[in-house]
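S.K.: Have a look at this prediction, sequence included:
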Amino acid sequence: MDTISPLKLDFNNTEIAFKGKSDKDLNKAYWLFKMVASNALIKIGTPITNFSLNIGLPIQGIIRNTIYRQFCGGESIEDCSRAIAELGHGNVTTILDYSVEGEESEESFDATCNEILRTVESAKQNSLISFCVFKPTGLGRFDLLAKIDAKQALSAEEQAEYQRLWNRCDQICKACHAAGIRVLIDAEHSWIQDTIDDIAREMMEKYNQEKPIVYNTYQLYRADKLASLKADFAYAKTQNFHLGAKIVRGAYMEIERERAKENGYPSPIQPNKKASDTDYNDAIYFILDNIDQIGLMAGTHNEESCRILAEEMERRNIPHNLPNVFFAQLLGMSDNLSFNLGAAGYNVAKYMPYGPVKAVMPYLFRRAQENTSVGGQTGRELSLIMKELKRRKALKK
């Protein structure tokens, strides 16, 4: 990573944000975000693209050079090396994220576990990889987790299946602990999250004795998750381990509300965006109050939350590069946050999805749909790209 003198934080500095992008890259990104901004296009395009991929139409090249190139590092860990290095030039590290979704066989769960263990080995050899990550449903069946969450009795076969899922989680966390590499456990739907939280607590209690290695994810668009964060910290204190907390707003809002309505139970989602923002920012204050015992990964594309965290660190005289505090954004999005935070000396990481094009498409479509549902996100991306292109054009005159 380049050594630079920290600069004053300015999220509108497009020169720093897009330093690693050519004019051609920016123009491609501009038209891609214009497409993503069209909710109708995303809704229509998703099933058409899935159908085309499933029947073998030759559209992978188009996908690879557009949405995949913007949001993914490559098809393999090795393919990601260039993107990892490019982020490093801007003082931004990488979270290697094997983003294959929707598999259901034991063989696929074992293969995913082995691939995540490969990311741990890569992180040991490359300091620009700051975190590993796994999605519990990549290591075991969704329906099994849902059955446990619903407190239904498991058959002997299902109990053995759950033990295999648990063992895969443990194998990854154990490898990260041995290597001194942090690992994030992604949050998922509310009706499997309690079981995931239980696994995460068990892993943190086992591997976070000296410092935060394992991080659970708290989705603050849920009305109960600030309380969960505080309860987990209280438990961590009684059991003498460090809490690892990745805080995000959330990724499944529409699905959660629809399911709650269909099944006749109260929606777990906050009543409005303001409530989500308030809980997210309150989580920042709570964690900073206890930063000696909590590792924070602030996963957010919200400028105000990033600013609050940065300014609170300044006010409390917390070093910008304190290992217990990281900011994080997705690859291909909010470069104005990531690279300006990096230039100001803060710890920043980008989620870098990778995997075969066809296998990663469910992830990419989910991200595109989330993007259209986040008010102002694509508009902000477009305005920053236009500002930078205009700035460069003025310099050429």
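M.R.: Received, thanks.
S.K.: so where does the residue nearest to residue 201 when sequence neighbours are not counted fall, helix or strand?
M.R.: Excluding the flanking residues, the one nearest residue 201 by Cβ to Cβ, 6 or more residues apart in numbering is residue 232, at 6.5 Å. (C-beta placed from N, C-alpha, C; glycine too.) For residue 232, the host element (DSSP states H and E) is helix 225-239.
S.K.: Check which helices and strands the following helix or strand past that helix is in contact with.
M.R.: Next in sequence after helix 225-239, counting helices and strands by DSSP H and E, comes strand 243-248. Strand 243-248 sits against strand 182-185, strand 214-219, helix 225-239, helix 273-289, strand 294-299, with contacts defined as 3 or more Cβ pairs under 8 Å, 6 or more residues apart in numbering; DSSP states H and E.
S.K.: Neighbouring strands - and their directions - for strand 243-248?
M.R.: Here strand 243-248 is paired, per DSSP bridges, with strand 214-219 (parallel), strand 294-299 (parallel).
S.K.: before we move on, back to that, adding mean neighbour count, mean pLDDT and distance to residue 358, write the helices and strands packed on strand 243-248 out as CSV.
M.R.: Listed next are these as CSV, based on neighbours: other Cβ atoms under 10 Å; pLDDT from 0 to 100; distance: least, Cβ to Cβ, whole Å:
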stretch, mean neighbour count, mean pLDDT, distance to residue 358
strand 182-185, 25, 98, 25
strand 214-219, 26, 98, 27
helix 225-239, 16, 98, 33
helix 273-289, 18, 97, 34
strand 294-299, 24, 98, 27
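S.K.: which regions of the stretch 251-397 of the chain sit below the pLDDT cut-off?
M.R.: 365-376 (pLDDT under 70).
S.K.: which stretches of it form strands?
M.R.: 294-299, 325-330, 348-354 (DSSP state E, counting those that start in this stretch).
S.K.: Let's have these in CSV, adding distance to residue 388.
M.R.: Shown next, in CSV, are those (distance: least, Cβ to Cβ, whole Å):
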stretch, distance to residue 388
strand 294-299, 24
strand 325-330, 17
strand 348-354, 18
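S.K.: Can you tell me which of those is nearest to residue 281?
M.R.: strand 294-299 (10.3 Å; Cβ to Cβ).
S.K.: From the centroid of this protein, which residue is nearest?
M.R.: By Cα atoms, centre = their mean, the chain has its centre lying nearest to residue 351, at 5.4 Å.
S.K.: can you tell me which residues contact it?
M.R.: The contact partners of residue 351, by Cβ atoms under 8 Å, 6 or more residues apart in numbering, come to 95, 97, 133, 299, 328-331.
S.K.: If we use 6 Å, what do you get?
M.R.: Contacts for residue 351 (Cβ atoms under 6 Å, 6 or more residues apart in numbering) come out as 95, 97, 330.
S.K.: next one: residue 226
M.R.: If you count contacts by Cβ under 6 Å, 6+ apart, residue 226 has them with 279, 283.
S.K.: Work out the gap between the longest helix along the chain and the centre of the chain.
M.R.: Ranked by residue count under DSSP state H, the longest helix found in the chain is helix 156-179. In terms of Cα atoms, centre = their mean, to the nearest Å, the centre of helix 156-179 is found 22 Å from the chain centre.
S.K.: List the buried residues of it.
M.R.: For helix 156-179, burial by neighbour count (16 or more other Cβ atoms under 10 Å) applies to 158, 161-162, 165-166, 168-169, 171-177, 179.
S.K.: How about residue 82, nearest residue that isn't a chain neighbour?
M.R.: In this structure, residue 82 finds its nearest non-sequential neighbour in residue 74, 7.8 Å apart by Cβ to Cβ, 6+ apart.
S.K.: my guess is that neighbour contacts residue 352, does it?
M.R.: No - applying Cβ atoms under 6 Å, one finds residue 74 not in contact with residue 352, separated by 8.7 Å.
S.K.: ok so, going back, so the residue nearest to the centre of the chain bridges to which residues?
M.R.: residue 95, residue 330.
S.K.: And it, how far from residue 71?
M.R.: 9 Å (Cβ to Cβ, to the nearest Å).
S.K.: what do these two both touch?
M.R.: With Cβ under 6 Å, 6+ apart, residue 351 and residue 71 have no common neighbours.
S.K.: What are the phi and psi values at residue 320?
M.R.: The phi/psi pair for residue 320 (degrees, to the nearest 10) reads phi -60, psi -40.
S.K.: any chance you could map the helices in the stretch 251-397 of the chain?
M.R.: In the stretch 251-397 of the chain, the helices defined using DSSP state H, counting those that start in this stretch lie at 253-263, 273-289, 303-315, 335-343, 357-373, 377-396.
S.K.: Residue 121: which of those is closest?
M.R.: helix 357-373 (21.0 Å).
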